[in-house]
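Chemist: Provided below are the primary sequence and the corresponding predicted coordinates.
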Amino acid sequence: MDTKRTIFPNRVLPYLLLAPQLVVTLVFFIWPAGQAVKSSFEREDPFGLSASFVGFQHYARLLKDPLYLDSLGRTAVFAVAVTALSMALGLALAVAVNRLLKGGRFYTTLLVWPYAVAPVIAGLLWWFLFNSTTGVLAYFLGQLGIRWDHNLNGTHAMILIVIAAAWKQVSYNFLFFLAGLQSVPHSLIEAAAIDGSGPVKRFFTIVLPLLSPTTFFLFIVNVNYTMFDTFAIIDATTAGGPAQATNILVYKVYDDGFLGLNLGSSSAQSVLLMLIVVVLTVIQFRYVERRVQY
Amino acid sequence: MVENRPFLTFLTHLVLIAGVVLVAFPVYVAFIASTHTREVLVGGMIPLLPGGHLIENYAQVLSASSAANGLPSYTLMALNSLGMALIITFGKIVISILSAFAIVYFRFRFRLLAFWIIFITLMLPVEVRIIPTYKVVADLGMLNSYPGLTVPLIASATATFLFRQFFMTVPDELVEAARVDGSGPLKFFRDILLPLSRTNIAALCVILFIYGWIQYLWPLLVTTDPGYYTLMMGLKRMVAVQDGEVQWHLVMAGAILAMLPPVLVVILMQRLFIRGLTETEK
């Protein structure tokens, strides 16, 4: 790793400067993560007085547990649905704003603010819209002959959290796609136009391939977002129900560990989740390194 | 735009207007709901135009009488949210800029190790280590306190990387000049580096304030004393009553008020917000 050509020759100061960050990291990040790994291999007696080493027992049991595998599948469905929906909408809006000669800033302002809305509030807003006694959307769906009930119907509950999570994330995708579109060289588009290709063809043969780094980056970020930042949306709306239909992995860790007090299993789940984050982060950063060399 | 296609321009505006409407729709309905009485809301189809109880509802939310069902008053929760957001913002910026300064401007043993330890925090979101982190905070006696709410969240790899990247672009001549003039590292930091970082700090402030304000899981874990509840938890608890008894008009007024500060920050400081967002995520 590079430093400056000229540096300060102080022996103690750098450690003091780093100390606050490192202390917080060690005490509240690395130590708890280590504890999670440790207790995922242990079983505590009912009084929490002693723990015995049980090897991979918790993991083996988890990977055979239909509830856990079910939750894994639902997490995948949730992540893919939210990512696809919010990226498609974000891209469509970014392409539209990018086409405008004026007024782009105005539309941008009107489109980006949901980023600042808390996930828990996003969940509450959509819950209210779909609520059977007060909800506008539930009312319209009823007029169409659909009896909406996210308290009983698992598919409805899943659709509800997908919409709430995607709604909040569109603005993020929009901003990054817009930045990507603005860096597509104008000369390429003009050359293609002179050669007689229309806007649709230009988009699919020139713009979209040039956007692929942005698209890939956003894909990873969105998967990360749906897997970990949507806890509040679920807690505010479905709380994992009905009948586990929206019990995604992050919610299950909380539910089993914090509410169900099943420490060993919850720790094993934490460790598996950490592995997923590590993989996502490594992919993200490897790719960023490569993009820098362009 | 390389050619004039009126139909496509029309379509562009149509897509954008549809997008704006879609994005604004839930908040619009929430606002409408916050201007009616509860009876109107639960009596079937809710109206699509504002009612006449706006001031009454908001006044009730903000008054001391909003404390009910084990919840503190709305204003207390708002103050807690504000305190938490500000402490997190300030804390993250201070510890990140100091660590970036150490990593870029000094050569010392374990520099690479320190860098990696900071990097690893990216891989350990609170959500995946809920119980052990809770235990640490409990053992340190930090439950139900401002330090408990904020300190565990103020380590920041992204902010450190942002400052590091920026410091790498600061010309070396400035350090040389400072050293020739006999100024030490702290003086250099205070008189040269800090003023140069102003824009970056401002952009980060916007992003981090939003981050702190919308925290949900962490305050949920570490507070059991209603005196430390934040708005995000409070709103959730306002609807966690029997389905028929939810005071929707007050919940929605509370939700509108709770989303106002960060949304205003984004709208009023759009340029800084976009800069902060796109630079920290790279």
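Modeler: Yes, it's here.
Chemist: what ranges do the strands span in chain A?
Modeler: A:42-44, A:51-53 (DSSP state E).
Chemist: deepest of those, which one?
Modeler: strand A:42-44 (a mean of 15; mean count of other C-beta atoms under 10 Å in any protein chain shown). (Glycine included, C-beta is placed from N, CA and C.)
Chemist: got a pLDDT number for residue B:237?
Modeler: Per-residue pLDDT puts residue B:237 at 84.
Chemist: I'd say it and residue B:77 touch.
Modeler: No - Residue B:237 is not in contact with residue B:77 according to C-beta atoms under 8 Å; the separation is 9.8 Å.
Chemist: So these two - more neighbours on which side?
Modeler: The neighbour count for residue B:237 versus residue B:77, taken as other C-beta atoms under 10 Å in any protein chain shown, is higher for residue B:77 (27 against 15).
Chemist: what ranges of the chain fall below the confidence cut-off?
Modeler: No chain in the question, so chain A it is. For chain A, applying pLDDT under 70 flags the ranges A:1-3, A:46-49, A:288-294.
Chemist: my bad, chain B
Modeler: Ranges of chain B meeting pLDDT under 70: B:1-2, B:44-45, B:64-69, B:242-244, B:280-282.
Chemist: Just give the number of residues close to residue A:213.
Modeler: 15.
Chemist: One more: the one 10 residues further on?
Modeler: For residue A:223, the count of nearby residues is 20 (other C-beta under 10 Å).
Chemist: Grab the nearest non-local neighbour of it.
Modeler: Distance criterion C-beta to C-beta, 6 or more residues apart in numbering or on different chains; nearest residue to residue A:223, sequence neighbours excluded, is residue A:79 at 5.1 Å.
Chemist: give me every residue that touches that neighbour.
Modeler: Counting by C-beta atoms under 8 Å, 6 or more residues apart in numbering or on different chains, residue A:79 makes contact with A:222-223, A:226-227.
Chemist: at 7 Å instead, please
Modeler: By C-beta atoms under 7 Å, 6 or more residues apart in numbering or on different chains, residue A:79 lies in contact with A:223, A:226-227.
Chemist: Touching, residue B:105 and residue A:4? I think so.
Modeler: Yes - Residue B:105 lies in contact with residue A:4 (C-beta atoms under 7 Å); the separation is 5.9 Å.
Chemist: Looking at the two, which one has more neighbours?
Modeler: The neighbour count for residue B:105 versus residue A:4, taken as other C-beta under 10 Å, is higher for residue B:105 (23 against 18).
Chemist: how far away is the more buried one from chain A?
Modeler: 6 Å (C-beta to the nearest C-beta, to the nearest Å).
Chemist: closest to residue B:209 among the contacts of residue A:79?
Modeler: residue A:226 (23.7 Å; C-beta to C-beta).
Chemist: how many neighbours does that closest one have?
Modeler: With other C-beta under 10 Å as criterion, residue A:226 counts 26.
Chemist: which ones are touching it?
Modeler: A:78-79, A:82-83, A:165.
Chemist: ok, so of the residues you listed, who is nearest chain B?
Modeler: Taking C-beta to the nearest C-beta as the measure, chain B lies nearest residue A:165 of the contacts of residue A:226, at 12.8 Å.
Chemist: Tell me who's in contact with that closest one.
Modeler: Counted by C-beta under 7 Å, 6+ apart, residue A:165 has contacts A:82, A:226, A:230, A:233.
Chemist: how far away is the third one from chain B?
Modeler: Same thing as residue A:230. Residue A:230 is 10 Å from chain B, by C-beta to the nearest C-beta.
Chemist: Next up, the contacts around that residue.
Modeler: Taking C-beta under 7 Å, 6+ apart, one finds A:119, A:165 in contact with residue A:230.
Chemist: Now do it against residue A:160, distance only.
Modeler: In this view, residue A:230 and residue A:160 are 12 Å apart by C-beta to C-beta, to the nearest Å.
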